[in-house]
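Novice: give me a model of this one.
(chains A and B)
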Amino acid sequence: NAGVMQNPRHLVRRRGQEARLRCSPMKGHSHVYWYRQLPEEGLKFMVYLQKENIIDESGMPKERFSAEFPKEGPSILRIQQVVRGDSAAYFCASSRAGTGAGDTQYFGPGTRLTVL
Amino acid sequence: GENVEQHPSTLSVQEGDSAVIKCTYSDSASNYFPWYKQELGKRPQLIIDIRSNVGEKKDQRIAVTLNKTAKHFSLHITETQPEDSAVYFCAASSNFNKFYFGSGTKLNVKP
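Specialist: Numbering: from 1, shown residues only, chains lettered A, B, ... in the order given. As a prediction, this is how the structure comes out:
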């Protein structure tokens, strides 16, 4: 009974490099959500995707951040030209159905990004 | 948009005592309220949830109450145990879209 999987679990990047975070939803789940958690803080919504569609990206910074959920393969959160302020834990969650359908979100173990 | 506030930020109780964590929300359209437990370095795990058509829900030592009129909901843990020590987050959602999380409560249960 595999849950939501994320990799890598830890990622170290130097300022200016690119970070790619991957998320495989639970089996049977087609909705993916990305959240960011700064130390000692709550989770902040970034983006909500279905296969090949971005449903809501209202929490995503306008520059340097992008997300995709292709027809095949995991969802990817991409951060270009990372800065120290991007250091955080990035959690992915998945649900079987999305808006209005009554299914909750289950979280992956997170990717801890450290920008040197 | 929705704003979720959570209190207290830290809570220390003696083993066996009860713990109560409170959250308020601002958007009257919110209709789903999950609670997550997060241990250090681990993923948030759903422990209980409540929908807006219900006022109270209980699961063994854990219960959640919802007051839609006042826009607040609370988590109650009875007979606390050391393994209950963790950070607890409340969240609010409208139609199971994105979740808005509170800032968390660090619960310490002293043996």
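
Novice: need the contact list for B:Thr80.
Specialist: Counting by C-beta atoms under 8 Å, 6 or more residues apart in numbering or on different chains, B:Thr80 makes contact with B:13-19, B:61, B:107, B:109. (Each C-beta comes from the backbone N, C-alpha and C, glycine too.)

Novice: and the two most separated of these?
Specialist: Using C-beta to C-beta, the two most remote members of these are B:Gln14 and B:Arg61, lying 15.2 Å apart.

Novice: give me the more crowded residue out of these two.
Specialist: A count of neighbours by other C-beta atoms under 10 Å in any protein chain shown puts B:Arg61 above the other of B:Gln14 and B:Arg61, at 13 against 9.

Novice: what parts of chain A come near chain B?
Specialist: A:4, A:33, A:35, A:40-45, A:48, A:56, A:58-59, A:91, A:93, A:95, A:97-110 (C-beta under 8 Å from any C-beta of the partner chain).

Novice: and chain B, which of its residues are near chain A?
Specialist: Proximity of chain B to chain A (C-beta under 8 Å from any C-beta) is limited to residues B:1, B:6, B:32, B:34, B:36, B:42-46, B:49, B:51, B:89, B:95-104.

Novice: need the buried ones from these selected in PyMOL.
Specialist: To isolate the buried ones among these in PyMOL, judged by 16 or more other C-beta atoms under 10 Å in any protein chain shown, type:
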select buried, chain B and resi 6+32+34+36+43+44+49+89+96+97+98+99+100+101+102+103+104
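
Novice: now for the most centrally placed residue in chain A: which residues touch it?
Specialist: Geometric centre of chain A, nearest residue: A:Trp34, 3.4 Å, by C-alpha atoms, centre = their mean. By C-beta under 8 Å, 6+ apart, the contact list for A:Trp34 reads A:23, A:45-47, A:67, A:75, A:77, A:90-93.

Novice: most neighbours, which of those?
Specialist: Result: A:Cys92 is most packed of the contacts of A:Trp34 (other C-beta under 10 Å), 30 neighbours.

Novice: which residue packs closest to that residue, ignoring adjacent ones?
Specialist: Leaving aside its sequence neighbours, A:Cys92 sits nearest to A:Cys23 (C-beta to C-beta, 6 or more residues apart in numbering or on different chains; 3.4 Å).

Novice: give me the sheet partners of the strand or helix carrying the one you found and which way each runs.
Specialist: Per DSSP states H and E: A:Cys23 is located in strand A:19-24. Here strand A:19-24 has these sheet partners by DSSP bridges: strand A:5-7 (antiparallel), strand A:75-79 (antiparallel).

Novice: return the most buried member of those.
Specialist: Highest mean neighbour count of the strands paired with strand A:19-24: strand A:75-79, a mean of 20 (counted as mean count of other C-beta atoms under 10 Å in any protein chain shown).
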